[in-house]
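Engineer: with the sequence up front, the predicted model follows.
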Amino acid sequence: MKRPLHTLSRWLLPLFLLLLAACQPSGKKPGAGTREVVDMAGRHMTVPLVIHRAYSTRPGSVTLYAVAPDLMVNRSLWMTDGSEKFMNPAYLKLPFSDGSAEEIVRLHPDVIISYFTINEQSIDQANRLSQKTGIPVFMVDMGMKRYPEAFKAMGDLLGKQEQTAKMTAYIEKWLLPVFAKAAQIPASQRKRVYYAEGNRGLNTDPSGSFHSQIIDLVGAINVAKVNLLSGKGMSVVSMEQVLQWSPDVVIVWTGMGPSVTTYRNITADPLWQRVPAVREGRIHQIPYLPFGWFDRPPGTNRILGTLWLAQLLYPEVYHIDLEAATREYFTVFFHRDLTDAELREVLHPLAPTGIAQGEGAKK
């Protein structure tokens, strides 16, 4: 005997609801425990309400360390010699990872924070990385004039608003005044600077490169007239070009290996003695502890490099108390109070070798 249709419906409806519930993931309801955020590229994404693990792409490791060292799951940068003592032991134990989607997935981050100049190409890269890993990729613009926005975005994302407020206060106190004063330096008084990179100092980056951005920001002139190379940069130049440019000041990068190799090579090279700035001692090693202050990585370590170069080139304009600025920076960004001896060590990178700035160039 057939059951009436209304009787079948009464039995089938609960069964259908039971099967539907079984198809849902166990635990929290869809959407529970998550929130929507918007990154600096204007991309919308869903992240956990509370982020416990964050992965950083290069060169953002320094910046993420400043904001939330307790949330980091990886390092992506090698430090220069002697830097380890300035960093938290827990950070030093993190695995290096700066590669494949498989590596990232194995670290189980809640979010990937990507630091690039935001453009169509970098947005496409972020979208593809998110698709490969299944993890949201939050883009942060690494332009130095956007630091206040970047810090706020990271503070809101990671629940570290108190820390990023301290970072922003530092920027407003020390860095933004440099930008304002730089714009007021007359063209006739702007120092002409050569940024010496590579083992022999015959690589450089021109104006417009994020690798040499600090020269422009402090109101100086980058003498290099070469094609801008994307990515790692480091255009090759000749000694004849450097002589023709005749910079007022030469500043020296921090390379791989021994940290003052390039400085030593330049000051010992008879060909470089033909450059008046070198011959007369107007050559300066950029500080590099615990990361290069000028570049590589182009992260928040560049804040100190900007203050250093501004005071070096235009002490009569900026009047920066570099010792006070350095102490405060290490406290806020590296979570580390410097001793007097450590302060001298980071500010005077050639002092441990017995060479004063510029001294090795004078013959």
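Structural biologist: Yes, it's here. Computed from a predicted model, the values in this text were never measured in an experiment.

Engineer: how's the protein carved up into domains?
Structural biologist: Taking automatic domain parsing as the domain assignment, the ranges for the chain are 34-169, 182-361.

Engineer: would you list the ones you listed in TSV and tack on distance to residue 175, mean pLDDT and mean neighbour count?
Structural biologist: Quick note: C-beta positions are derived from backbone N, CA and C, even for glycine. Listed next are those as TSV, based on distance: least, C-beta to C-beta, whole Å; pLDDT from 0 to 100; neighbours: other C-beta atoms under 10 Å:
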stretch	distance to residue 175	mean pLDDT	mean neighbour count
domain 34-169	7	94	18
domain 182-361	6	92	19
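
Engineer: quick one, which of these is nearest to residue 176?
Structural biologist: Minimum separation from residue 176 across those (C-beta to C-beta) falls at domain 34-169, 8.3 Å.

Engineer: thinking again about what came up before, could the domains of the chain go into CSV alongside distance to residue 176?
Structural biologist: Listed next are the domains of the chain as CSV, based on distance: least, C-beta to C-beta, whole Å:
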stretch, distance to residue 176
domain 34-169, 8
domain 182-361, 11
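
Engineer: at the geometric centre of this protein, which residue do we find?
Structural biologist: residue 299 (1.4 Å; C-alpha atoms, centre = their mean).

Engineer: who touches the closest residue to it other than its chain neighbours in this structure?
Structural biologist: Of all residues not flanking residue 299 in the chain, residue 62 sits nearest, at 3.7 Å (C-beta to C-beta, 6 or more residues apart in numbering). By C-beta atoms under 8 Å, 6 or more residues apart in numbering, residue 62 lies in contact with 77, 291, 297, 299, 300, 301.

Engineer: quick one, what contacts the third one?
Structural biologist: Taking C-beta under 8 Å, 6+ apart as the contact definition, residue 297 lies against 58, 59, 61, 62, 77, 291.

Engineer: for the second one, helix, strand, or coil?
Structural biologist: Meaning residue 59. With DSSP: H, G, I helix; E, B strand; the rest coil as the basis, residue 59 sits in coil.

Engineer: distance check, it against residue 277.
Structural biologist: As judged by C-beta to C-beta, to the nearest Å, residue 59 and residue 277 stand 29 Å apart.

Engineer: next: the first one.
Structural biologist: Taking C-beta to C-beta as the measure, residue 58 and residue 277 are separated by 32 Å.

Engineer: ok, residue 296 next?
Structural biologist: Relative to residue 277, residue 296 is positioned 22 Å away (C-beta to C-beta).

Engineer: with residue 237 instead?
Structural biologist: Here the criterion is C-beta to C-beta. By it, residue 237 lies 15 Å from residue 277.

Engineer: kindly report the same for residue 329.
Structural biologist: On the measure of C-beta to C-beta, residue 329 and residue 277 end up 28 Å apart.

Engineer: before we move on, what about residue 209?
Structural biologist: Counting by C-beta to C-beta, the gap from residue 209 to residue 277 is 21 Å.

Engineer: then residue 62?
Structural biologist: Residue 62 is 30 Å from residue 277, by C-beta to C-beta.

Engineer: now for the contacts of residue 62: which two are most distant?
Structural biologist: Using C-beta to C-beta, the contacts of residue 62 reach their maximum pairwise distance at 77 and 300, which is 12.2 Å.

Engineer: list the contacts for residue 107?
Structural biologist: 53, 55, 73, 74, 95, 97.

Engineer: which of the residues you listed fall within strands?
Structural biologist: If you go by DSSP state E, the contacts of residue 107 have residue 55 in strands.

Engineer: of the contacts of residue 107, closest to residue 322?
Structural biologist: The closest of the contacts of residue 107, once distances to residue 322 are taken by C-beta to C-beta, is residue 74, at 32.1 Å.

Engineer: torsion angles phi and psi at that closest one?
Structural biologist: Residue 74 adopts backbone torsions of phi -150, psi 160, taken as degrees, to the nearest 10.

Engineer: so it is in contact with residue 91, correct?
Structural biologist: No - Residue 74 lies out of contact with residue 91 (C-beta atoms under 8 Å); the separation is 10.2 Å.
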